[in-house]
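**Student:** Next one to model:
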Amino acid sequence: MIACVTEREWDTLTAIERAFLVNAMEMDILPGVFGDLTEAEQTLPLHDLADVLLSIKV
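**Tutor:** I've put the predicted structure just below:
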């Protein structure tokens, strides 16, 4: 869990949103996110992943 996010907020996030948040804190957002995604999620179009990133409101 990320310090700026409550456990309740964390539990409402999708796995992709969590990957973006974790990797944003690690300073390697895109390479790190791909490593945290499932194989199916890794094949999503980049604009779909960008939409997820832009929708995160914490």
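
**Student:** can you give me the helices for this structure?
**Tutor:** Using DSSP state H, the helices of the chain run over 7-12, 15-25, 29-36, 39-42, 46-55.

**Student:** Out of the ones you listed, which is the most enclosed?
**Tutor:** By mean neighbour count, with neighbours taken as mean count of other C-beta atoms under 10 Å, helix 15-25 ranks first of the helices of the chain at a mean of 18. C-beta here means a position set from N, CA and C on the backbone, and glycine is covered the same way.

**Student:** From the chain's centroid, how far away is it?
**Tutor:** Chain-centre distance of helix 15-25: 3 Å, with C-alpha atoms, centre = their mean, to the nearest Å.

**Student:** where does this structure dip in pLDDT?
**Tutor:** 1-3, 26-32, 58 (pLDDT under 70).

**Student:** Please report how far the most far-flung residue of it relative to its centre lies from residue 18.
**Tutor:** Within the chain, the residue lying farthest from the chain centre (C-alpha atoms, centre = their mean) is residue 8, at 16.2 Å. Counting by C-beta to C-beta, to the nearest Å, the separation of residue 8 from residue 18 is 14 Å.

**Student:** For the spatially most central residue of the chain, which residues are in contact?
**Tutor:** What sits nearest the mean C-alpha location of the chain, by C-alpha atoms, centre = their mean, is residue 20, with 2.5 Å. The contact partners of residue 20, taken as C-beta atoms under 8 Å, 6 or more residues apart in numbering, are 29, 33, 52-53, 56.

**Student:** any chance of those residues in CSV, plus distance to residue 44?
**Tutor:** Shown next, in CSV, are these (distance: C-beta to C-beta, whole Å):
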residue, distance to residue 44
29, 16
33, 11
52, 9
53, 12
56, 16
